[in-house]
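# What follows is a predicted structure for the sequence shown.
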Amino acid sequence: MENMWNDRTNMSLLTDFYELTMGKGYLDGGNADKIVFFDMFFRDVPEGGGYAIMAGLEQVIDYLDNLKFSEEDLVFLGNYGFDEKFIDYLRNFEFKCDVWAIPEGTVVFPREPLIKVRGPVLQAQLLETALLCTINHQSLIATKTARIVRAAEGRPIMEFGARRAQGFDASVLGARAAYIAGVAGTSCTICGQQFDIPLSGTMAHSWVMLFDNEFEAFKAYAESYPDKTLLLVDTYDVLKSGIPNAIRCAKEVLEPMGKRLLGIRIDSGDLTYMTQKARKMLDEAGLTDCKITVSNALDEYIIRDLISQGACIDSFGVGERLITSKAEPVFGGVYKISAVEDESGNVIPKMKISENAGKVTTPCNKEIVRFYDKATGKAMADVLFVVGEKIPEGEPYDIFDPIETWKTKTLENYTTRKLLVPIFQNGKLVYEKPSIGDIKNYCTKELDTLWDAVKRFENPHRYYVDLSPELWKIKDDILHNFRKHKQ
């Protein structure tokens, strides 16, 4: 079936208005076809973490592959004063950019391009808003999810956040990103339909409250779903009512049918205490195979504490704090020009300079090379190279901090991988989109390449993202020339 979250009818106006005003200015000045390079990157990992997860590329691809302007769009823009010359340009718009990206599910780090665009400046500039909102959102949710999944130490996480997400797209695409980063499934039915993600869900408190008593509610549900009965036991009193009635349902309803009680869910109260007591009661009743699921505003810190306190929990339902990345709900990716091509094809570096050191960008047409330790398979460092530079092939290679340049390290016994892969060439899609299952499996393997110290929640080890000597010199020369001319 058609995937409505990929093949939208028309998303061409998903752009900030200044992209269009600049576009008209480029056209008026004869610069519309000037070839430029843009990098989409982020400056800081949310919540002070050690890494992020790249997500959202599939939706970017489909946006770019369907980018066009309808007559309705053109009439709308004409009403805002754009002249016929610019309207005609948009009417005949044909995407001609080259695009490279880091595949979804890859672990990524600040200041390295997640997406690189080369093409006519009017086109490349127009892409900014759609690329940023797509990659920022899904990468944020995937990054938060990876933390939550890590805290659960192998116990399944179900994504339960649709009702608390900021709108339709956030609920569906947030659940997609969460699945990439490791949740076992989602409660969001349309996400399951659109992206072939496993669904989970049983009953709400309203089901229990509809019946005259709790046992009758459990009995009715078990009779409807004898092979997958999971009962919500905290509507009235977990230990005095919920668990006893669940046990009674197992004995009087399910076992005579030759079925077993699959599990219980607790959604409130002291989850450590409740699950310990519930486990004891279930085991004493011979229901040692009955699983215990908990929910209720969970995140990685609460899950970590529950496990460390000895809570008897088999799986978690996580909603609002995952789907909104509550602790830090902004990923902070930006889209900046990095180079311009002259008429002879020479690439001229461009760099944003700021009083805020964190906003100074890295110039040039770049590629990212990841170094892996041959003995362990762990990632050692990422280095940004100017395209065309010789990439090390196993010989000892010195890296250095781009700011505190006296801090150096020699990499040895390594293999390398270029992270950016071609997505579009001259506007034509050349990338085969992987399945959601393949992306999820790839993400799991990617996380395994990081040392545990990088994955710590607090004060993680800083992963090295350095510049090649050639790239560092280009950047340093631009800064020195700017200071000299400023004086």
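Here it is on my side, so go on. Residues are numbered from 1 along each chain as shown.
# Can you show me the CA trace of the longest helix along the chain as CSV?
Taking DSSP state H as the criterion, the chain has its longest helix at helix 128-151. The C-alpha trace of helix 128-151 is given here as CSV (Å, rounded to 0.1, in the frame of the first residue of the first chain):
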residue,chain,number,x,y,z
GLU,A,128,17.1,23.7,4.4
THR,A,129,13.9,23.7,6.4
ALA,A,130,12.6,20.3,5.3
LEU,A,131,15.9,18.6,5.9
LEU,A,132,16.4,20.1,9.3
CYS,A,133,12.9,19.5,10.7
THR,A,134,13.0,15.8,9.4
ILE,A,135,16.5,14.9,10.6
ASN,A,136,16.4,16.9,13.8
HIS,A,137,13.2,15.3,15.0
GLN,A,138,13.9,11.7,14.2
SER,A,139,17.5,11.9,15.3
LEU,A,140,16.4,13.4,18.6
ILE,A,141,13.9,10.6,19.3
ALA,A,142,16.3,7.9,18.2
THR,A,143,19.0,9.3,20.4
LYS,A,144,16.7,9.4,23.4
THR,A,145,15.4,5.9,22.7
ALA,A,146,18.9,4.4,22.5
ARG,A,147,19.5,5.7,26.1
ILE,A,148,16.3,4.2,27.3
VAL,A,149,16.9,0.9,25.7
ARG,A,150,20.4,0.8,27.2
ALA,A,151,19.0,1.4,30.6
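# please begin residue numbering at 30 from this point
Sure thing, new numbering starts at 30, so read that last one as helix 157-180.
# model confidence over it, on average?
The pLDDT scores in helix 157-180 average 98.
# who touches the helix or strand that it is followed by?
Beyond helix 157-180 on the C-terminal side, the first helix or strand identified by DSSP states H and E is strand 186-188. Residues from elsewhere that reach strand 186-188, judged by C-beta atoms under 8 Å, 6 or more residues apart in numbering: 174, 177-178, 203-204, 207-208, 211-217, 229, 322, 344-348, 351-352. (C-beta placed from N, C-alpha, C; glycine too.)
# hmm, 10 Å instead?
Applying C-beta atoms under 10 Å, 6 or more residues apart in numbering, the external contacts of strand 186-188 come out as 170, 174, 177-178, 180, 200, 203-208, 210-217, 220, 226-230, 322, 324, 327, 332, 344-348, 351-352.
# For ChimeraX, what selects the buried ones among the residues you listed?
With 16 or more other C-beta atoms under 10 Å as the burial test, the buried ones among these are selected in ChimeraX as follows:
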select :170,174,177,178,180,200,203,204,205,206,207,208,210,211,212,213,214,215,216,217,220,226,229,322,324,327,332,344,345,346,347,348,351,352
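# At the geometric centre of the protein, which residue do we find?
By C-alpha atoms, centre = their mean, the chain has its centre lying nearest to residue 168, at 2.3 Å.
# is it true that it touches residue 138?
No. With contact defined as C-beta atoms under 10 Å, residue 168 does not count as touching residue 138 (11.9 Å).
# Give me the common contacts of those two.
Shared contacts of residue 168 and residue 138, counting by C-beta under 10 Å, 6+ apart, come down to 71, 81.
# can you give me the offset of the worst-scoring helix or strand of the chain on mean pLDDT from its chain's centre?
Every helix and strand in the chain was compared by mean pLDDT, DSSP states H and E; the lowest is helix 498-515, with a mean of 87. Relative to its chain's centre, helix 498-515 lies at 34 Å (C-alpha atoms, centre = their mean, to the nearest Å).
# Which positions within that helix qualify as buried?
Using 16+ other C-beta under 10 Å, the residues of helix 498-515 that count as buried are 500, 501, 503, 504, 507.
# TSV please, covering the residues you listed and showing distance to residue 108.
Output for those, formatted as TSV (distance: C-beta to C-beta, whole Å):
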residue	distance to residue 108
500	46
501	49
503	45
504	44
507	42
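# which one of these is nearest residue 415?
For residue 415, the closest of the buried residues of helix 498-515 turns out to be residue 500, at 5.2 Å, with distances computed as C-beta to C-beta.
# Could I get the contacting residues of that closest one?
If you count contacts by C-beta under 10 Å, 6+ apart, then residue 500 has 378, 391, 392, 393, 395, 412, 413, 414, 415, 418, 431 around it.
# how about 8 Å then?
Contact criterion C-beta under 8 Å, 6+ apart gives 391, 393, 395, 413, 414, 415, 418 as the residues in contact with residue 500.
# quick one: secondary structure of the second one?
Applying DSSP: H, G, I helix; E, B strand; the rest coil to residue 393 yields a three-state assignment of coil.
# List the residue ranges of the protein that fall below the pLDDT cut-off.
Of all residues in the chain, those with pLDDT under 70 make up the ranges 30-31, 33-38, 514-516.
# my guess is residue 459 meets residue 453, correct?
Yes. With contact defined as C-beta atoms under 8 Å, residue 459 reaches residue 453; the gap is 6.6 Å.
# who's more crowded, these two?
Comparing residue 459 with residue 453 by neighbour count (other C-beta atoms under 10 Å), the higher total belongs to residue 453, at 22 against 12.
# which SSE is that one in?
strand 450-454.
# and whichever helix or strand comes after that strand, which strands flank it?
Later in the chain than strand 450-454, the nearest helix or strand by DSSP H and E is strand 457-458. Paired with strand 457-458 in the same sheet, following DSSP bridges, are strand 450-454 (antiparallel).
# Show me what counts as buried in the strand it pairs with.
Residues of strand 450-454 classed as buried: 452, 453 (neighbour count, 16+ other C-beta under 10 Å).
# Can you show me the CA trace of that strand as PDB?
The C-alpha atoms that make up strand 450-454 are tabulated as PDB, following Å, rounded to 0.1, in the frame of the first residue of the first chain:
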ATOM      1  CA  VAL A 450      27.200   7.700   0.900                       C
ATOM      2  CA  PRO A 451      25.700   9.000  -2.400                       C
ATOM      3  CA  ILE A 452      21.900   9.500  -2.200                       C
ATOM      4  CA  PHE A 453      21.200  11.600  -5.300                       C
ATOM      5  CA  GLN A 454      23.300  12.400  -8.300                       C
END
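# For it, give me every contacting residue.
With contacts defined as C-beta under 8 Å, 6+ apart, strand 450-454 is touched by 86, 90, 93, 124, 126-132, 458-460.
# Would you check how far apart the closest residue to residue 208 other than its chain neighbours and residue 463 are?
The shortest distance from residue 208 to any residue that is not its chain neighbour, by C-beta to C-beta, 6 or more residues apart in numbering, is 4.9 Å, and that residue is residue 226. Note on residue 226: its distance to residue 463, by C-beta to C-beta, to the nearest Å, is 14 Å.
# likewise residue 229?
Distance of residue 229 to residue 463, given as C-beta to C-beta: 24 Å.
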